[in-house]
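J.: A structural model of the following input is requested.
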Amino acid sequence: MIIGITFAFFMAEALLHYQLGVWQDGGPIQFPKWTWPDRGDLISMVVIVGLFSYLSATVIDYYNPTPNKI
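T.: Model (predicted):
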């Protein structure tokens, strides 16, 4: 559960940072127009975000092996 939530938030942040870079390059795509990264960049983002989501969940589990039940 932790890894899925972390991945969703990290991926949303990665896509937003990508979009901010597209808007700032002075090219034809400017705010509020949205563009998606090409396939290669998107796969790279998914791999990197997935790796760091896994690492984050592992560290959380290590330091909190019995999470609070709400």
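J.: state the helix or strand in which the spatially most central residue of the chain lies.
T.: For the chain, M11 is the residue whose C-alpha lies nearest the centre (CA atoms, centre = their mean; 2.0 Å). In this assignment (DSSP states H and E), M11 forms part of helix 2-24.
J.: give me the mean pLDDT for the helix or strand following that helix.
T.: Scanning forward in sequence from helix 2-24 by DSSP H and E, the next helix or strand is helix 39-63. In this model, helix 39-63 has a mean pLDDT of 93.
J.: what about helix 39-63, distance to the chain center?
T.: Distance of helix 39-63 from its chain centroid, counting by CA atoms, centre = their mean, to the nearest Å, is 8 Å.
J.: report the angle between the axes of it and helix 2-24?
T.: Per axes from the mean of the first three to the mean of the last three CA atoms, to 10 degrees, the angle that helix 39-63 makes with helix 2-24 is 140 degrees.
J.: just checking, what packs against helix 39-63?
T.: If you count contacts as 3 or more CB pairs under 8 Å, 6 or more residues apart in numbering; DSSP states H and E, helix 39-63 packs onto helix 2-24. Quick note: C-beta positions are derived from backbone N, CA and C, even for glycine.
J.: what does the helix it packs on contact?
T.: Residues from elsewhere that reach helix 2-24, judged by CB atoms under 8 Å, 6 or more residues apart in numbering: 29-31, 34-37, 41, 45-46, 48-50, 52-54, 56-57, 60-61.
J.: re earlier: give the buried residues for the helix holding M11.
T.: Buried residues in helix 2-24, counted by 16 or more other CB atoms under 10 Å: 3, 6-7, 10-11, 14-15, 18-19, 22-23.
J.: equivalent analysis for stretch 52-65, please.
T.: In terms of neighbour count (16+ other CB under 10 Å), stretch 52-65 has its buried residues at 53, 57.
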